[in-house]
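In: need a structure here:
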Amino acid sequence: MVRYFLVVLFTLTVNNTQAQEQPVANQESADKPAANKSDDSSVKNEATASPTPLTNNEFEETQLADWDRADWQLVQTKTALFDIKGYFRFRTDLLRRLNFGNGTVTEFVEGLPAPRLYATSGDNADFAAANMRLRIQPTINVSENIHIVSMFDILDNVVLGSTAKTNFTTNQNPTNILNQGTATVNKGVNSVTDAIVVRQLYGQIHAFNEQLELRFGRMPSDWGLGILSNSGSCLDCNYGDVVDRLSVTFKLADLIFVPMYDWVSSGPVLNTFNNPSNIMGRSGGQPLDAVPWDDVDQFSLRILRLDLPETIRERVNSGQTVFNYGVWGIWRRQARDLSSIYYTDPNSSGDTQNTAAEVDASGGLPKEERRDSSIFTVDGFTKTYFGGFELGIEAAGIFGSYNLQIPSATASGGTTKQKISVYQFGAALDATYRASSDMQGLILNFKTGGASGDSAPGFGALDRANTQYGNTVATEDYDNKITNFQFNPDYRLDLLLFREIIGTVTDAWYLRPEIAYVFSNNISSSFAAIYSQALFRRSTPRGAGRYRDAQGDLQGARGSLPLGLEFNAEISYGLLGKIAQTSPIKLSIAGGLLFPLSGFKNTSLTQDQDGSFSWTIQTRTYITF
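Out: Next comes the predicted model:
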């Protein structure tokens, strides 16, 4: 019922907007550049905006960036009917010994090690590839108050040479030496992604004399420093958080309030006139939520104090201290869900279409499990500017519980209900000092932070996160807690350990000092060192095999906490300094060395084997528009 009430309220608001709407801008206004309207990713940009930005985020929409602070009105220029921006990215990566040459880069599934990176050259995991992406962000300005915003990725991270024609024209081994060209990208045939991917599509409406902003659709989500929610808008980012959301933004007493509702999951859908067993069935109709009781709802509220970059610059130059902040509270709930039987039954299509009959195929009770879940998230950030200093801090906590059906340990079999508790915490600090205010000269940066961990073997990052609960070995009690917080993988710290080997910051803390210099010819260079250490010995490969035997005695190596010491260096053109805002060409070359520490020592061999250092060379070319 909540979802339907929100839709009705939204419709009434839109009707009010239509009554106030002005005609589309005339030809004179169409010749002027379109105003950049807000999107969710900008909350981070404004909150972390610097008088002299360290990075270039010109492609992010700006959240409420046009507020006129004198009268609370959104200052808007005349808009063209169509606005487009984006970039073309070409990257090359040379990666060597990502497994340290001793096979310690693993994940643990049901207590057993599974290689995360396999050896490609002797004992070494060596990789090299070139990939590209064209990102297009068109905005249709229906009027000054109504906009349709979208984002498309074309050949997103497609590896060059990966779709040769000879790979898919014969059932025998292809003769690639005789290849005659490149085949069209086809998901499921020669690629894991589509040639064109629709990332975002949402509507944006300003109403009530610009005092209210509505958004609805599939949109980016970004917050604070980006450790919890990150839109992935940087030029070298890979992921990006996108949500199905309805949000309202308004301002009171210099504070911005953003209540939101998210369709986290609706489960399978149903097309009532497309029965696959009926050859006369019709496709292309409107699908419906096939099982309404399995929905996951999320309600949240953001409260922010933000200043525009121009305002920050003026106040800092006059000797003042600027303090911005934000608090985000989230409540997620689910009463019931489809059981694992639905997804694992060989008679189930596993598709998201036409599933109602499969859910209740027996004519009896639906295949359901009680979740009775509530998950709460609280995240806060601060951003302080004074003199040449900029200090950002973000901390997030996630807590709650849900029920899970697990195989029963009794002789009768079946399943038993197990309550899974969630307790996670993560925090990050980002401090920057700029010796000059003209976007040139010396820049010093220091980052530190950490993410809570779990005593289960392995880090459980990304696709293996569900390995952080359950029975790690048969002789242990069931682990019913998920405590490993995971930084968003687009929060960038290094080139190797967290980015390529573990996947993100989890069950670890780090220290990262950096020195950079922007030369007068707009060429910049930087050098950073990153020390990292695990929170639990058992998470490291050295200690992951430790377990209790039938007598309750601990067996295997005790493990070691230090993970690695990494050094990154980069030289770039157009990424820092004044030219970053004007030049369409941006170039960089970066290198990294990672020395594994005792946490990655291999103890499964006859003798302990230290790992060899891994290294990388990476080039980046961007054409922005």
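
In: low-scoring stretches of this structure, by residue?
Out: 1-79, 108-114, 167-173, 272-285, 341, 343-366, 407-415, 462-478, 542-558, 603-608 (pLDDT under 70).

In: quick one: buried residues of stretch 371-387?
Out: Arg371, Ser373, Ile375, Thr377, Asp379, Gly380, Phe381, Thr382, Lys383, Tyr385 (16 or more other CB atoms under 10 Å). In short, each C-beta sits where N, CA and C put it, glycine included.

In: Just grab the bridge partners of Ile515 for me.
Out: Leu444, Phe527 (DSSP bridges).

In: coming back round to it: let me have the buried residues of stretch 371-387 in a markdown table, adding distance to Leu496 as columns.
Out: Below are the buried residues of stretch 371-387 laid out as a markdown table (distance: CB to CB, whole Å):
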| residue | distance to Leu496 |
| --- | --- |
| Arg371 | 38 |
| Ser373 | 36 |
| Ile375 | 32 |
| Thr377 | 30 |
| Asp379 | 28 |
| Gly380 | 31 |
| Phe381 | 27 |
| Thr382 | 30 |
| Lys383 | 29 |
| Tyr385 | 32 |
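
In: And the residues you listed, which two are furthest apart?
Out: By the measure CB to CB, Arg371 and Tyr385 form the most distant pair in the buried residues of stretch 371-387, at 44.0 Å.

In: CA atoms only for stretch 481-491, dumped as CSV, please.
Out: Output in CSV follows, covering the C-alpha atoms of stretch 481-491 (Å, rounded to 0.1, in the frame of the first residue of the first chain):
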residue,chain,number,x,y,z
LYS,A,481,26.6,-12.7,11.9
ILE,A,482,27.6,-10.5,9.0
THR,A,483,30.0,-7.9,10.2
ASN,A,484,32.3,-7.1,7.3
PHE,A,485,31.5,-3.6,6.0
GLN,A,486,32.5,-3.1,2.3
PHE,A,487,33.7,0.2,0.9
ASN,A,488,32.1,1.0,-2.4
PRO,A,489,34.6,-0.3,-5.0
ASP,A,490,34.6,3.1,-6.8
TYR,A,491,36.2,4.7,-3.7
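
In: Please flag which of the buried residues of stretch 371-387 sit within strands.
Out: Under the assignment DSSP state E, the buried residues of stretch 371-387 contribute Arg371, Ser373, Ile375, Thr377, Asp379, Gly380, Phe381, Thr382, Lys383, Tyr385 to strands.

In: Give me the distance from the host helix or strand of Leu593 to the chain's centre.
Out: For Leu593, the host element (DSSP states H and E) is strand 585-596. With CA atoms, centre = their mean, to the nearest Å as the basis, strand 585-596 stands 22 Å off its chain's centre.

In: Contacts for it next, please.
Out: Contacts with strand 585-596, where a contact means CB atoms under 8 Å, 6 or more residues apart in numbering, come from 56, 100, 104, 235, 494-497, 501, 563-575, 580, 610-624.

In: Now Arg97. Nearest residue, chain neighbours left out?
Out: Ser614 (4.2 Å; CB to CB, 6 or more residues apart in numbering).
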